[in-house]
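1. next come a sequence and a model predicted from it.
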Amino acid sequence: MGEEFVDPFATIYLYSGRPNPVWPLSPEQWGDLNKIIQTLPSSDNEKEGPYQFSGGLGYSGFYAHFSIISSYPDVYYVVANQQAVLSNPGGHRIFNDKQKLVEKWFIDSAEKHGIHIPLVD
């Protein structure tokens with residue numbers, strides 16, 4: 001990665017053999033992202049343990065982390081399922097995002113930091 005980011009930060013998971021792009025998020029942006037997720041319908045699916053991407057090649061989604069406040073869960077956007085996931089070591093909650101609101105938020109945030117994501121419509 002070469003560049004150090006202060007919390008919070010976001011990552012796009014591309015699994016391309018190159019480092020995944022990472023960019024900083026402000027605490028305000030983190031709050032905006034969480035507000036969007038809270039508007040999404042819950043899948044009523046809660047699972048034990050932290051969420052992890054499958055690790056397959058190609059674009060899997062986005063990840064946001066904010067460890068300054070330990071009670072905040074990590075955020076994942078899972079492209080294949082159009083879902084947002086709030087995850088902490090104890091478990092994770094899944095929200096359906098058929099309108100891709102969370103994905104669009106991440107794309108907009110990345111582009112504001114000079115990261116163009118050509119493979120996402």
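-> Looks like it arrived, so ask away. Numbers count the residues shown, from 1 in each chain.
2. only C-alpha atoms for contact and neighbour calcs from this point on.
-> Noted.
3. spell out the secondary structure type for W30.
-> Recorded secondary structure, W30: helix (DSSP: H, G, I helix; E, B strand; the rest coil).
4. spatially nearest residue to it, not counting backbone neighbours?
-> By the measure of C-alpha to C-alpha, 6 or more residues apart in numbering, the closest residue to W30 outside its immediate chain neighbours is P8, 7.3 Å from it.
5. if I look at that neighbour, how far off is E28?
-> 10 Å (C-alpha to C-alpha, to the nearest Å).
6. again with G49
-> According to C-alpha to C-alpha, G49 stands 27 Å off from E28.
7. out of the two, which sits in the more crowded spot?
-> It is G49, of G49 and E28, that has more neighbours when counted by other C-alpha atoms under 10 Å, with 12 against 9.
8. and that one, what does it touch?
-> Neighbouring residues of G49 by C-alpha atoms under 8 Å, 6 or more residues apart in numbering: 87-92.
9. the nearest residue to it once chain neighbours are set aside: how many residues sit nearby?
-> With C-alpha to C-alpha, 6+ apart as the measure, G91 is the residue that lies nearest to G49, at 4.0 Å, once sequence neighbours are left out. Residues near G91, counting by other C-alpha under 10 Å, number 14.
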